[in-house]
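Q: I'll drop the sequence and a predicted model, then ask my questions.
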Amino acid sequence: MVEGMVMERYTAEELAGVYRAIRERRDVRSGFLPNSLPEDLVLRLLRSAHQAPSVGFMQPWRFIVIRSRETRQAIFEIFQDARAQEHQTYCEDRAELYSRLTLQGILTAPLNICVVCDCESSRGHSLGRHTMPETALYSAVCAIQNLWIAARAEGVGLGWVSIIDPERAKRVLKIPRSVTLVGYFCIGYVEAFAPEPDLERAGWERRLPLEEVLRSETFDQAWRGIDPQ
Ligand SMILES: Cc1cc2nc3c(=O)[nH]c(=O)nc-3n(C[C@H](O)[C@H](O)[C@H](O)COP(=O)(O)O)c2cc1C
């Protein structure tokens, strides 16, 4: 065995903690407390994100930490426009339900983070990206998942805001054209985490049973019928 390698198993308690954080992670966009997050906590979360796997060890993620009210206000306005456009794509009951959803906490959370991906970075020497260049983006999403789970374990809520025009948001944040905005997040302490997704509670969508998304050996053509009619 290589010196320094770790082989001992996690204790039952440690294991339970890992599964608990995964199970209890929630997308949070309301109920944020105004308290600012300590600097060392924010660094711990970002360090967890930075420990994510990446194709060719490319580490293409870049994190922009946003506290400025002015910047958040600018992003909020971009959200409002995108939300109004998305709202128009729904009819009748769905549109009514959509209008009642809270879909962001950009101004109510004390902290926002934007995760971008430099897909053109030569770090990692293109290993693993010749046939699947999109794996750079997948790597950035792995970092986001780490951030999300670490936040939950720390009692910090995190909400993903994808209802924004990324090109407009990039201009606000001075992100170069060649860099992809992967995710925009609102982050802050919360009093409590909901036991199930907000969208489930609101009647927007239900969680699929694992059995419905699991088959052996090959794709199940019946999966095409999994979508609501
Ligand atoms: C890529 C991505 C984008 C998302 N964008 C939004 C968003 O713009 N607004 C929102 O309210 N939730 C957003 N969500 C959160 C989902 O609605 C949420 O993950 C889902 O309803 C399941 O809930 P849970 O994360 O609490 O388990 C996003 C989640 C992902 C993974």
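A: Happy to help now that I have it.
Q: What residues are bridge-paired with Trp61?
A: Here Trp61 shows beta-bridge partners Cys117, assigned using DSSP bridges.
Q: which residues touch it?
A: Applying Cβ atoms under 8 Å, 6 or more residues apart in numbering to Trp61 gives the contacts 49-50, 52, 54, 115-117, 139-140, 143, 182. (C-beta placed from N, C-alpha, C; glycine too.)
Q: who does the lengthiest strand in the chain pair up with?
A: The strand that spans the most residues within the chain, counting by DSSP state E, is strand 180-189. Paired neighbours of strand 180-189 in the sheet (DSSP bridges): strand 111-117 (antiparallel), strand 156-160 (antiparallel).
Q: starting at the chain centroid, how far to it?
A: 7 Å (Cα atoms, centre = their mean, to the nearest Å).
Q: With just CA atoms, put it into PDB.
A: What follows is strand 180-189 as a C-alpha-only set of coordinates in PDB (Å, rounded to 0.1, in the frame of the first residue of the first chain):
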ATOM      1  CA  THR A 180     -19.600  29.600 -18.500                       C
ATOM      2  CA  LEU A 181     -21.900  30.700 -15.700                       C
ATOM      3  CA  VAL A 182     -22.800  27.300 -14.200                       C
ATOM      4  CA  GLY A 183     -24.800  28.300 -11.100                       C
ATOM      5  CA  TYR A 184     -25.900  31.200  -9.000                       C
ATOM      6  CA  PHE A 185     -26.600  30.600  -5.400                       C
ATOM      7  CA  CYS A 186     -28.200  32.300  -2.400                       C
ATOM      8  CA  ILE A 187     -26.700  31.200   0.900                       C
ATOM      9  CA  GLY A 188     -27.300  31.800   4.600                       C
ATOM     10  CA  TYR A 189     -28.200  30.400   8.000                       C
END
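Q: hmm, who's touching the next helix or strand after it?
A: Note on strand 180-189: by DSSP states H and E, the next helix or strand toward the C-terminus is helix 198-201. Contacts to helix 198-201, defined as Cβ under 8 Å, 6+ apart, come from residues 26-27, 29, 101-102, 194, 205-207.
Q: Throw those residues into JSON lines and include neighbour count and distance to Thr89, thanks.
A: As requested, those are exported to JSON lines (neighbours: other Cβ atoms under 10 Å; distance: Cβ to Cβ, whole Å):
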{"residue": "Arg26", "neighbour count": "20", "distance to Thr89": "25"}
{"residue": "Asp27", "neighbour count": "16", "distance to Thr89": "21"}
{"residue": "Arg29", "neighbour count": "22", "distance to Thr89": "20"}
{"residue": "Leu101", "neighbour count": "14", "distance to Thr89": "14"}
{"residue": "Thr102", "neighbour count": "13", "distance to Thr89": "19"}
{"residue": "Ala194", "neighbour count": "16", "distance to Thr89": "26"}
{"residue": "Glu205", "neighbour count": "10", "distance to Thr89": "16"}
{"residue": "Arg206", "neighbour count": "11", "distance to Thr89": "21"}
{"residue": "Arg207", "neighbour count": "10", "distance to Thr89": "23"}
